[in-house]
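K.L.:
sequence and computational prediction follow.
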Number of protein chains: 2
Amino acid sequence: MFPGDTDQQEMIPSKKSAVLVDGVVLNGPMTDAKAGEKFVEEACRLIMEEVVLKATDVNEKVCEWKPPEQLKQLLDLEMRDSGEPPHRLLELCRDVIRYSVKTSHPRFFNQLYAGLDYSSLVARFMTEALNPSVYTYEVSPVFLLVEEAVLKKMIEFIGWKEGDGIFNPGGSVSNMYAMNLARYKYRPDIKEKGLFGLPRLILFTSVECHYSMKKAASFLGIGSENVCFVETDGRGKMIPEELEKKVWQARKENGHTCVCGAAPFLVCATSGTTVLGAFDPLDEIADICERHSLWLHVDASWGGSALMSRKHRKLLHGIHRADSVAWNPHKMLMAGIQCCALLVKDNSDLLKKCYSAKASYLFQQDKFYDVSYDTGDKSIQCSRRPDAFKFWMTWKALGTLGLEERVNRALALSRYLVDEIKKREGFKLLMEPEYANICFWYIPPSLREMKEGPEFWAKLNLVAPAIKERMMKKGSLMLGYQPHRGKVNFFRQVVISPQVSREDMDFLLDEIDLLGRDM
Amino acid sequence: MFPGDTDQQEMIPSKKSAVLVDGVVLNGPMTDAKAGEKFVEEACRLIMEEVVLKATDVNEKVCEWKPPEQLKQLLDLEMRDSGEPPHRLLELCRDVIRYSVKTSHPRFFNQLYAGLDYSSLVARFMTEALNPSVYTYEVSPVFLLVEEAVLKKMIEFIGWKEGDGIFNPGGSVSNMYAMNLARYKYRPDIKEKGLFGLPRLILFTSVECHYSMKKAASFLGIGSENVCFVETDGRGKMIPEELEKKVWQARKENGHTCVCGAAPFLVCATSGTTVLGAFDPLDEIADICERHSLWLHVDASWGGSALMSRKHRKLLHGIHRADSVAWNPHKMLMAGIQCCALLVKDNSDLLKKCYSAKASYLFQQDKFYDVSYDTGDKSIQCSRRPDAFKFWMTWKALGTLGLEERVNRALALSRYLVDEIKKREGFKLLMEPEYANICFWYIPPSLREMKEGPEFWAKLNLVAPAIKERMMKKGSLMLGYQPHRGKVNFFRQVVISPQVSREDMDFLLDEIDLLGRDM
């Protein structure tokens, strides 16, 4: 392999000049670059053939399902004392590709991301080859400027005049950032003193929010019980009156029933909930936040992309009134996992004040350039990937209009699917969607005449998991199912990729019917 | 460009069968896959030529320095309404590469990562093409099994019989994970109740620890003032007696001077400090932790790689006594940014208990396979990159012995550099290194006869920044400098990459002398 002893020996110009320290020859590089480069070239060909070129081929399987124990047998996972030769590594690569789920397949609908964006993929290959870390301008000049430009543009689409932001590894982490920022704004000394001896902090979010809210509250020392869940309407949207009632209730606890008192500091609205794709009414929520001086964070990780569409951005009406927004271009805009921005309206350097630790080995103040470009101290991370870059490349390639078209088409396809579901026997919509989540039940023939009582629901609950098992084993498509707030298991279809067409929507319904009609 | 209107029109089989919803044609895919694939192929060639093939060429510049305002002019950063054609995108790619720092250049010594590992690079390209997210087995079967295998092997090298772990985006985040785990172990109800009404939690780490300790304490609601910094010896190692004194002191506060009381719960030792590369005495520290029932976390983000070397693993003697360990294979083992594991000795599912939020849309319990492989709920993230995979590929390629050789060679080269520094006039070591951080001053001729008083140090403080400016503008090499705990600005040279040779070490010293001899 590339670092082999023999290669190393050959590279020593002559035995006479060899320098040995601790038994290691230090002359010349240790790696056989030629062999390494050849391996990369061959692997690139394999990736092109087996992944990129097949991404749009509906005749390929979405996955080649193997259960864990069998897959362990098929893959040679063990790491040994000696390395493997390049041809063996290429075989391993081939196996990894073969048994991995093809998330860019036109019939992969399992998550809130899908498809293959060629320009973003190129940006990602470049990132890996350049291997940068984005904290200081001296190490990442281009990527820091790109991040600045992308954040500025996203801020413009939110409708803020100015703002700040940071790309980070996930919508969950964005939500944590926002929660901590809101807390810092509420009581800056928590950064140094912690939460000890303080009144109990309380935040509000809807029952349909992402599960990261609970994770964030636990992680930040606030505690998951101090996340107050507000009821939603039948469509999954937070009910503003319920929110205000809960805020009053918490305020009342303060000094009355509760010994330590309760202090509301934050409302997290959701634009595009995970399961139902619901959008909270931001304007009404913003009014309440203003009345009670609460930080308004909008988790638009999923729904934020609708801002790119003049037709659909009304779903997020009022978002400009938020104090912070989480928005993941790796979802509907297909920038590649992960590409997640936390955006902040404040322009008084709040992010930096809240997060900085002023490491003197990294953020020296006596550098010869403008150190305001060393933005790494705004982050909870030290090394950080240049995630803005992939979105920038996609934006460059498609233009704003191309991104808009992508959103419009995904939502038009969703509309088409909804209409088809309504027409077909055995399919039942959970509710009219407003976004790209289409939630529905498939009711097999044996249940179609049954009354919708407890027995019906108990039986229907078993249908989606059974169909999911069959589709996985066949590899024909992938979509998710879940039980949700009293509703038994239903499918959640998500439409994202521009590689997807009407034909795939028809196929989806045909295939579910085919897989489930004997149940 | 790929999503152009014309292409779309051509793809419609016949006007008659076109399906329109909301003015959007839904037949056939919207993307021109052929054009996209061609673009990816051309970009891959560019990346091979401009990044991969040049990575080992010392005649290339490490960076082509431009100040921020000028670089903004040179790059076309703006995102517009219309997209750009492929040839223009390729020009942009070329510019991005040109003005980016070449972190894989043999003379890039600026951070704790460097170099190009060909097998890891291939794994990273595959990751980007497959675009997986690692939370459930159904979506990431291969990558979850690979993560399990890699964690198991790392646990073996730490010396634990069993354990658990999770890859996450950075050593800083690993340290946060550990801090929260230790807190959960101390008081599990903090997960739900938060820190309100609890005695003040205190943790201990050395004054030389990574700055993420303060960030973590702030973020977790503990507060940076509740990080108790323990003095180090002249070599930068935590003094165990000082640690025990501080623990006693905190315990004494509990119930005496401090109203809310103070509760020690965690000691964070460092194996390989960021600036000096010092290793805390783990065995003595473990004794203290046992005596006081404190969680012992070892931040071996940088130094953990020494575990791969039979010769050097003694630096971490006692690490098997830790409760958790942070270890970043993206540093000395060159897995690519980021590749960071948090490892936990506990095998009672503590990670899952501490972090789970049981999202029912993702972690359904009625799946048809063994859901213990759905490990995503151990994470603070939702979508997560398969970082273990790149390290696995490197390990497969090099074998354990190859990884060991990599560590041994880096440390032998460090030793060589130290010996050269001692021989050369005008160079002065800060201290004998035990690892790959070589800290030294360059003393220009004008200061060599001066007494080491305040004036000398004030003048010397200006030397490293000035030389750094010159080397950046010349592009001949990159290494970092910093002031540190009363010591004026000095260089920190870090040796990692197997592409680096003795010749590069000689060049480093020659070049610094060349750049600084007129000062």
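P.N.:
Yep, that arrived. Residues are numbered from 1 along each chain as shown, chains lettered A, B, ... in the order given.
K.L.:
could you use CA atoms for every contact and neighbour count after this?
P.N.:
Noted.
K.L.:
what residue ranges in the stretch 251-400 of chain A score low on pLDDT?
P.N.:
A:254-261 (pLDDT under 70).
K.L.:
what residues does it put near chain B?
P.N.:
A:260, A:275, A:336-338, A:355-362, A:364, A:366-370, A:373, A:380-385, A:392-393, A:395-400 (Cα under 8 Å from any Cα of the partner chain).
K.L.:
swap in 7 Å and give it another go.
P.N.:
Taking Cα under 7 Å from any Cα of the partner chain as the test, the list of the stretch 251-400 of chain A residues beside chain B reads A:336-337, A:355, A:357, A:359-361, A:364, A:366-369, A:380-383, A:395-400.
K.L.:
which ones among the residues you listed map onto helices?
P.N.:
A:355, A:395-400 (DSSP state H).
K.L.:
possible to save these as CSV with neighbour count?
P.N.:
Shown next, in CSV, are these (neighbours: other Cα atoms under 10 Å in any protein chain shown):
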residue, neighbour count
A:355, 24
A:395, 26
A:396, 26
A:397, 27
A:398, 26
A:399, 20
A:400, 19
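K.L.:
ok, those vs residue B:196, which is closest?
P.N.:
Closest approach between these and residue B:196, by Cα to Cα: residue A:355, at 21.9 Å.
K.L.:
and the residue nearest to that closest one when sequence neighbours are not counted, how many neighbours does it have?
P.N.:
Using Cα to Cα, 6 or more residues apart in numbering or on different chains and skipping the chain neighbours, the partner closest in space to residue A:355 is residue A:378 (5.3 Å). Look at residue A:378: counted by other Cα atoms under 10 Å in any protein chain shown, it has 21 neighbours.
K.L.:
for residue A:378, what are its contacts?
P.N.:
Counting by Cα atoms under 7 Å, 6 or more residues apart in numbering or on different chains, residue A:378 makes contact with A:351-352, A:355-356.
K.L.:
roughly how far does the closest residue to residue A:218 other than its chain neighbours sit from residue A:200?
P.N.:
Distance criterion Cα to Cα, 6+ apart; nearest residue to residue A:218, sequence neighbours excluded, is residue B:191 at 4.7 Å. Applying Cα to Cα, to the nearest Å, the value for residue B:191 to residue A:200 is 14 Å.
K.L.:
settle it for me: which of the two has more neighbours?
P.N.:
Ranked by neighbour count (other Cα under 10 Å), residue B:191 and residue A:200 place residue B:191 first, with 26 against 23.
K.L.:
which residues touch the more buried one?
P.N.:
With the criterion set at Cα under 7 Å, 6+ apart, residue B:191 makes contact with A:218, A:223-224, B:184.
K.L.:
what strand or helix carries it?
P.N.:
helix B:190-193 (DSSP states H and E).
K.L.:
and for the very next helix or strand once past that helix, what's in contact with it?
P.N.:
Once helix B:190-193 ends, the next helix or strand along the chain (criterion: DSSP H and E) is strand B:200-206. Outside strand B:200-206, the residues that touch it by Cα under 7 Å, 6+ apart are A:196, B:222, B:226-232, B:238, B:260-269.
K.L.:
how about the CA coordinates for strand B:200-206, as PDB?
P.N.:
Extracted in PDB, the C-alpha atoms of strand B:200-206 (Å, rounded to 0.1, in the frame of the first residue of the first chain):
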ATOM      1  CA  ARG B 200     -23.300  25.000  42.100                       C
ATOM      2  CA  LEU B 201     -21.500  22.300  40.000                       C
ATOM      3  CA  ILE B 202     -17.800  22.600  39.700                       C
ATOM      4  CA  LEU B 203     -15.400  21.000  37.300                       C
ATOM      5  CA  PHE B 204     -11.600  20.900  37.300                       C
ATOM      6  CA  THR B 205      -9.200  21.100  34.400                       C
ATOM      7  CA  SER B 206      -5.700  22.500  33.900                       C
END
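K.L.:
what segments of the stretch 51-200 of chain A are helices?
P.N.:
A:68-74, A:86-99, A:118-130, A:141-158, A:171-186, A:190-193 (DSSP state H, counting those that start in this stretch).
K.L.:
now, of those helices, which is deepest in the fold?
P.N.:
helix A:118-130 (a mean of 26; mean count of other Cα atoms under 10 Å in any protein chain shown).
K.L.:
other SSEs contacting it?
P.N.:
Applying 3 or more Cα pairs under 7 Å, 6 or more residues apart in numbering or on different chains; DSSP states H and E, one finds that helix A:118-130 contacts helix A:388-423, helix B:33-47, helix B:118-130.
K.L.:
switch to 8 Å and redo it
P.N.:
Using 3 or more Cα pairs under 8 Å, 6 or more residues apart in numbering or on different chains; DSSP states H and E, the elements in contact with helix A:118-130 are helix A:388-423, helix B:33-47, helix B:86-99, helix B:118-130.
K.L.:
pLDDT on that helix, on average?
P.N.:
In this model, helix A:118-130 has a mean pLDDT of 98.
K.L.:
list the contacts of the host helix or strand of residue A:471.
P.N.:
Taking DSSP H and E as the criterion, residue A:471 maps to helix A:463-474. Residues outside helix A:463-474 that contact it (Cα atoms under 8 Å, 6 or more residues apart in numbering or on different chains): A:61, A:63-65, A:441-444, A:477-481, A:489-491, A:512, A:515-516, A:519, B:366-368.
K.L.:
give me the buried entries from the residues you listed.
P.N.:
A:61, A:63-65, A:441-444, A:477-481, A:489-491, A:512, A:515-516, A:519 (16 or more other Cα atoms under 10 Å in any protein chain shown).
K.L.:
which of the residues you listed fall in helices?
P.N.:
A:512, A:515-516.
K.L.:
can I get these in CSV with distance to chain B?
P.N.:
As requested, these are exported to CSV (distance: Cα to the nearest Cα, whole Å):
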residue, distance to chain B
A:512, 17
A:515, 15
A:516, 16
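K.L.:
contacting residues around the residue nearest to residue A:101 when sequence neighbours are not counted?
P.N.:
Excluding its sequence neighbours, the residue lying closest to residue A:101 (Cα to Cα, 6+ apart) is residue A:63, at 4.6 Å. Neighbouring residues of residue A:63 by Cα under 8 Å, 6+ apart: A:99-102, A:472, A:475-476.
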